[in-house]
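J.: Predicted model follows, preceded by the sequence.
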Amino acid sequence: MLRLEQVSKIYHRGSASIIGVDRVSLEVAAGEFCAFMGPSGCGKSTLLNLVAGLDSPTSGEIVLNGRPTARFSSDDWTRIRREEIGIVFQSFHLVPGLSAEENVAFPLLLRGERGGTMLRRVEEVLDLVGMNHRRRHRPGELSGGEQQRVAIARAVVHGPKLVVADEPTGNLDSQQGAAVVDLLRTLADQDRRTVLLATHSGEAAGSAHYVWTMRDGRLIERVASNLLSLGL
Ligand SMILES: Nc1ncnc2c1ncn2[C@@H]1O[C@H](COP(=O)(O)OP(=O)(O)OP(=O)(O)O)[C@@H](O)[C@H]1O
């Protein structure tokens, strides 16, 4: 579903070159939940941004569902993000003036969907994240964990095959964080979505099927997530 070949991202600031991601090669199959873990600045966000087309690589190739992304125009990327990718950020980015269900409906409205079928889909994903009972609440009336669950519902309402989550538990306490990563695991296990998670947290990464550790923009080691708790 996703393949990276020797992907690098170098940022230039004046005469300085800053390595974002350094010669990363990997393959992620459909339905896999893969976490990227490592210290601040190791390249986790850069890697996810490259995969989601929010940034473009300096060199190397990214192949998404058999298509090299270098060939995508910015209009292609907009359509692909609207149809095939769901993105979850650390700060939930919900629209404050809209209710939970209006926030979740938003991507469908952008696609021109209306009516009963759309409303049923919104209800279905709010059920999936356990937030139907709060559907009329605005973000300011929800806890951080609840807001993130609504943000996940919004990220998957259009049925994307790939979900990219950048530090989704960063603003949450450990109990709320656990509920959020469990939900990401459900998206992979039940719906066969591919999920990429960037996190500092070994606890969060432990919910993935496997974890890539990163340092200085490089993938270091692929670890089975059940070994994380043993400190291996
Ligand atoms: N737009 C940019 N311009 C210049 N350098 C950047 C830019 N974005 C990221 N970097 C640099 O690239 C490197 C990787 O950053 P990145 O944000 O991917 O790390 P991260 O692992 O996600 O960190 P954190 O856990 O703190 O979010 C860092 O050295 C960072 O300073």
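T.: Done, it's in.
J.: Three-state assignment for the residue nearest the centre of the chain, please.
T.: The residue lying closest to the centre of the chain (CA atoms, centre = their mean) is Val164, at 1.7 Å. Following DSSP: H, G, I helix; E, B strand; the rest coil, the label given to Val164 is strand.
J.: and it, what does it touch?
T.: 48, 51-52, 85-88, 195-196 (CB atoms under 8 Å, 6 or more residues apart in numbering). (Glycine included, C-beta is placed from N, CA and C.)
J.: I'd like these as a markdown table, with pLDDT, distance to Leu110 and neighbour count appended.
T.: Below are these laid out as a markdown table (pLDDT from 0 to 100; distance: CB to CB, whole Å; neighbours: other CB atoms under 10 Å):
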| residue | pLDDT | distance to Leu110 | neighbour count |
| --- | --- | --- | --- |
| Leu48 | 97 | 22 | 22 |
| Val51 | 97 | 21 | 23 |
| Ala52 | 95 | 17 | 21 |
| Ile85 | 96 | 14 | 22 |
| Gly86 | 95 | 13 | 25 |
| Ile87 | 95 | 14 | 20 |
| Val88 | 95 | 17 | 23 |
| Val195 | 98 | 23 | 29 |
| Leu196 | 98 | 23 | 25 |
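J.: Inside strands: which ones of those residues?
T.: Assigned to strands by DSSP state E, the following of the contacts of Val164 qualify: 85-88, 195-196.
J.: follow-up on the earlier one: so, if you compare the contacts of Val164, which one comes nearest to the ligand?
T.: Leu48 (8.0 Å; CB to the nearest ligand atom).
J.: For that closest one, give me its contacts.
T.: Leu48 touches 36, 164, 166, 196, 198, counting by CB under 8 Å, 6+ apart.
J.: want to throw those into JSON lines with distance to the ligand?
T.: Formatted as JSON lines, the contacts of Leu48 follow (distance: CB to the nearest ligand atom, whole Å):
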{"residue": "Phe36", "distance to the ligand": "8"}
{"residue": "Val164", "distance to the ligand": "12"}
{"residue": "Asp166", "distance to the ligand": "7"}
{"residue": "Leu196", "distance to the ligand": "12"}
{"residue": "Ala198", "distance to the ligand": "6"}
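J.: which of the residues you listed lies closest to Gly97?
T.: Closest to Gly97 out of the contacts of Leu48 is Asp166 (24.4 Å), distances taken as CB to CB.
J.: mind listing what the closest one touches?
T.: 44-45, 48, 87-90, 198.
J.: which one of the contacts of Val164 is nearest Val125?
T.: Gly86 (10.4 Å).
J.: Specify the beta-bridge partners of the residue nearest to the centre of the chain.
T.: Note on Val164: beta-bridge partners Ile87, Leu196, judged by DSSP bridges.
J.: part of a helix, is Arg23?
T.: No - counting by three-state DSSP, Arg23 is located in no helix; its state is strand.
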